[in-house]
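K.L.:
Build me a structure from this.
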Amino acid sequence: MRTVSEVVAWLEAFAPRRLAESWDNVGLLLGDPAAPVERAMTCLTVTRESAAEAVDERAGLVVSHHPILFRGEKRIRADLPGTASVWALAHAGIAVASPHTAFDSTARGINEGLCRRLGLADVMPIRPVAGPAEFKVVVFTPDSDRDAVLAGAFSAGAGRIGDYEECSFAIPGHGTFFGTEGTDPAVGVKGRRETVPELRIEVICTGSRLPAVLSSIRSRHSYEEPAIDVYPLHDPAVPSGAHGGSGSGRIGRLGESRSLEELAGAVSAALGRIHLQVAGDPERRVTKVAIACGAGDDFLGDAARAGADVLITGEARFHRVLEAEALGVGLILAGHYGTERPGVEDLAEEIARAFPEIEVWPSRRERDPLRLVRGD
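P.N.:
The predicted structure is shown next:
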């Protein structure tokens, strides 16, 4: 049976916390990491309704996009509106994890999903984030050491490329050495130059794992002084789309230009025929589209510098709308719920694919707290 920690570890790999904003609170926020999980629910926000659903449906884990503990609550009580839902989940033994802005920014996250729904091409992050520093470790060993050295490197975290693990490459060759009086060679003898068959073994690891990988290799190597080379790898932020890049926001292009009014209609349809607010000339032709889910009006300046014709986001402050008009950038405001709830549904599918033995569903009781009232 799967545990909370296993799902949370997958979530960290899917939406690494290094992508989260510095002010955010992501990861496992409530619960026992060792607890079993047979049923899991995703939601945009933990509310009384979504918490009650998780309890009623006997979920072991709730993956909430928005963090449950964000403002430094000092009291968690059942009779306080801000913490009643947290108490209900804790009382039922239900864990809560949040990916929040890491999920916004990851390669298959919320913003990427919005681009996919709108059919945008040549999609890239508005604010790219480079991946973690990576290194190629090269070690020279006798063939008899190959398995031990590789096992040590892999156990320390080397050899991971994408979804593949224990990746390496080996080339046979010959090494030479001259052991001085104070040496005790594992092969050959000291006092003369030796030529021995060796393997050049290559593995990749991240900078955070490099010290452990080097230590583990040395501990498994039979040589007194193993020859090890470390090469830094150039790993810039990769454009998203086919290759999957990470970073904040997204910008891409439509297959053919549309009027701002036509694009707004397409956005409404793609997000479930929701109501929108639009700023800008409705007849203006737009091709380059920037997207920032939720409260993303801070991306306006970035969008303008990137040459976007329009920014699609959840909500914007009044003076930011005026700024958009001054910059000549259209705005389509689809609501916080409207731009982020689709990602919660996508996340349920992602978790279900990764853990087919767990029943996963997006909250069925969650709703947009805002509704449109038409005046007479």
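K.L.:
going forward, measure contacts between C-alpha atoms and count neighbours the same way
P.N.:
OK.
K.L.:
any idea how far Glu57 lies from Ile126?
P.N.:
Distance, Glu57 to Ile126, by Cα to Cα, to the nearest Å: 39 Å.
K.L.:
now swap in Leu199 and tell me
P.N.:
Counting by Cα to Cα - Leu199 and Ile126 are separated by 44 Å.
K.L.:
just to revisit the earlier point, between Glu57 and Ile126, which is the more surrounded one?
P.N.:
Shown here are Glu57 and Ile126; by other Cα atoms under 10 Å, Ile126 has more neighbours (22 against 12).
K.L.:
Does the more buried one touch Asp302 like I think?
P.N.:
Yes. Assessed by Cα atoms under 8 Å, Ile126 is found in contact with Asp302 at 6.8 Å.
K.L.:
where along the stretch 201-350 of the chain do the helices fall?
P.N.:
210-220, 260-270, 300-305, 318-327, 336-354 (DSSP state H, counting those that start in this stretch).
K.L.:
want to throw those into CSV with mean pLDDT and distance to Arg146?
P.N.:
Below are the helices of the stretch 201-350 of the chain laid out as CSV (pLDDT from 0 to 100; distance: least, Cα to Cα, whole Å):
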stretch, mean pLDDT, distance to Arg146
helix 210-220, 94, 9
helix 260-270, 97, 54
helix 300-305, 96, 50
helix 318-327, 97, 61
helix 336-354, 97, 33
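K.L.:
The ones you listed: which one's closest to Val189?
P.N.:
Closest to Val189 of the helices of the stretch 201-350 of the chain, according to Cα to Cα: helix 210-220, at 20.9 Å.
K.L.:
Just the residues contacting that closest one, thanks.
P.N.:
135, 145, 148-150, 152-154, 156-158, 205, 226 (Cα atoms under 8 Å, 6 or more residues apart in numbering).
K.L.:
domain parsing for this structure?
P.N.:
Here the domain parsing of the chain from automatic domain parsing is 4-102+339-362, 110-128+243-333, 134-233.
K.L.:
Out of these, which is closest to Leu372?
P.N.:
Of all the domains of the chain, domain 110-128+243-333 sits nearest to Leu372, with 7.9 Å by Cα to Cα.
K.L.:
Please put the alpha-carbon coordinates of stretch 40-58 into PDB.
P.N.:
Provided in PDB are the C-alpha atoms of stretch 40-58 (Å, rounded to 0.1, in the frame of the first residue of the first chain):
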ATOM      1  CA  ALA A  40      -6.700  11.000  -2.500                       C
ATOM      2  CA  MET A  41      -8.500  14.200  -3.500                       C
ATOM      3  CA  THR A  42      -7.200  17.300  -5.200                       C
ATOM      4  CA  CYS A  43      -8.700  20.700  -4.700                       C
ATOM      5  CA  LEU A  44      -7.900  24.400  -5.300                       C
ATOM      6  CA  THR A  45      -8.400  25.400  -1.700                       C
ATOM      7  CA  VAL A  46      -9.200  23.600   1.600                       C
ATOM      8  CA  THR A  47     -12.600  25.000   2.700                       C
ATOM      9  CA  ARG A  48     -15.300  23.600   4.900                       C
ATOM     10  CA  GLU A  49     -17.000  22.000   1.900                       C
ATOM     11  CA  SER A  50     -13.900  20.400   0.400                       C
ATOM     12  CA  ALA A  51     -12.700  19.300   3.900                       C
ATOM     13  CA  ALA A  52     -16.100  17.700   4.600                       C
ATOM     14  CA  GLU A  53     -15.900  15.900   1.200                       C
ATOM     15  CA  ALA A  54     -12.500  14.500   2.100                       C
ATOM     16  CA  VAL A  55     -13.700  13.300   5.400                       C
ATOM     17  CA  ASP A  56     -16.900  11.800   4.000                       C
ATOM     18  CA  GLU A  57     -15.100  10.100   1.200                       C
ATOM     19  CA  ARG A  58     -12.400   8.700   3.600                       C
END
